[in-house]
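1. Show me the folded form of this:
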Amino acid sequence: MKLSLCALVTANTPLQEQISAVKAAGISQVEIEGVNGTLVADMTESDLVNLRSALDEAGLSVYALATDLGKIGIGDRNYKLNEVRLYPTMRAAKILGTKNLRIFLHTVTEEQKNRDGDAVVVKTNRLTHLGDQFLMCIENGVEYFTDTEDRMTYALDRLYLARSVFNPAAYLAAGKEELATAVKTLLPRATYVRLTDVCQNGAPAPIGSGDCNLASLLGEIRKDTVLSLSAVEDLSTAAKWTAQTLTALGYTQADGAFVK
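-> Here you go, the predicted structure:
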């Protein structure tokens, strides 16, 4: 079994600063949200080519795009903007060399979460059919339809070519029982894991110091998986904690990955 790391490159921090941090942390692949305040779907072709060149020069590959697809509400009159933004997102993915698109399953009200599951699936299936050459990796979140283990399971069982991104902090925000259940049922189905931590009261926490019990979560992984480290905290510290935890779990480091 092999676990590898990638780092989230955000749009709100200078690119070269993030590239330096990624390389210093010994990480060789990245998840791209955007560059210099611009999301990948809004970048010009020339800018995307230049970004690919900068990453290639640094020896970094793109594992996934962190998109804004699905962040429009299920009942929003501008809902079809999801499809409009899919096309420039796919163009960016092709230029940057990845098939993984991190998406969301629509901002919804509490009433819609309990009432509109079929509508969410129907509209999202249209999106995934249009982008069927890519892997649509759905992230859980408290403001989205997929906030709980049962709703994420409902979606994954019904969506065409869908995958999932496991965000432990977001499951904890839905409750400790949600996180515990999701670790057992949804972690094995995850395409990759966003290794973020948070306190029970919702306050962000440095990796490994919150209430997500990430060390235990890492011990539950039973297949090849990519772990995406957030750029919100110090990347070197996050990478060091992850490496130490995986070593304690019996992994050995080889060629930038952890093998057991």
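
2. and residue 14, what does it touch?
-> Contact partners of residue 14, counting by CB atoms under 8 Å, 6 or more residues apart in numbering, are residue 36. In this view, the C-beta of every residue, glycine as well, is placed from N, C-alpha and C.

3. Look up the pLDDT of it for me, please.
-> Listed pLDDT for residue 14 reads 91.

4. and if you look at residue 36?
-> 89.

5. how near is it to residue 46?
-> Note on residue 36: its distance to residue 46, by CB to CB, to the nearest Å, is 14 Å.

6. quick one, helices of the protein?
-> If DSSP state H is used as the criterion, the helices of the chain fall at 15-24, 45-57, 81-96, 110-115, 117-130, 149-158, 168-173, 176-185, 214-219, 235-248.

7. Format the ones you listed as TSV; extra columns: mean neighbour count and distance to residue 198.
-> What follows is these, written out as TSV (neighbours: other CB atoms under 10 Å; distance: least, CB to CB, whole Å):
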stretch	mean neighbour count	distance to residue 198
helix 15-24	16	22
helix 45-57	14	29
helix 81-96	18	27
helix 110-115	12	21
helix 117-130	17	25
helix 149-158	18	17
helix 168-173	24	4
helix 176-185	17	10
helix 214-219	18	10
helix 235-248	18	14
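
8. With distance to residue 142 as added columns, please give those helices in a markdown table.
-> A markdown table is the format used below for the helices of the chain (distance: least, CB to CB, whole Å):
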| stretch | distance to residue 142 |
| --- | --- |
| helix 15-24 | 27 |
| helix 45-57 | 31 |
| helix 81-96 | 20 |
| helix 110-115 | 10 |
| helix 117-130 | 15 |
| helix 149-158 | 11 |
| helix 168-173 | 5 |
| helix 176-185 | 10 |
| helix 214-219 | 18 |
| helix 235-248 | 22 |
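
9. wait, which of those helices is closest to residue 5?
-> Nearest to residue 5 among those is helix 235-248; the distance by CB to CB comes to 6.4 Å.

10. packing partners for the closest one?
-> strand 2-9, helix 15-24, helix 214-219, strand 225-229, strand 252-254, strand 257-259 (3 or more CB pairs under 8 Å, 6 or more residues apart in numbering; DSSP states H and E).

11. List the buried residues of the first one.
-> When burial is assessed from 16 or more other CB atoms under 10 Å, strand 2-9 yields the following buried residues: 3-9.

12. check contacts around the nearest residue to residue 22 once chain neighbours are set aside.
-> Among residues not flanking residue 22 along the chain, residue 7 sits closest, at 4.7 Å (CB to CB, 6 or more residues apart in numbering). Contact analysis of residue 7 by CB under 8 Å, 6+ apart lists 18, 21-22, 25, 27, 29-31, 228-229, 231, 235.

13. measure the closest residue to residue 32 other than its chain neighbours to residue 184 for me?
-> The shortest distance from residue 32 to any non-neighbouring residue, by CB to CB, 6+ apart, is to residue 9 (5.1 Å). Distance from residue 9 to residue 184, counting by CB to CB: 31 Å.

14. just residue 165 next, same as before
-> Taken as CB to CB, the span from residue 165 to residue 184 is 17 Å.

15. Over to residue 175?
-> Using CB to CB, we find residue 175 at a distance of 15 Å from residue 184.

16. now do residue 69
-> Plainly put, residue 69 is 28 Å away from residue 184 if you go by CB to CB.
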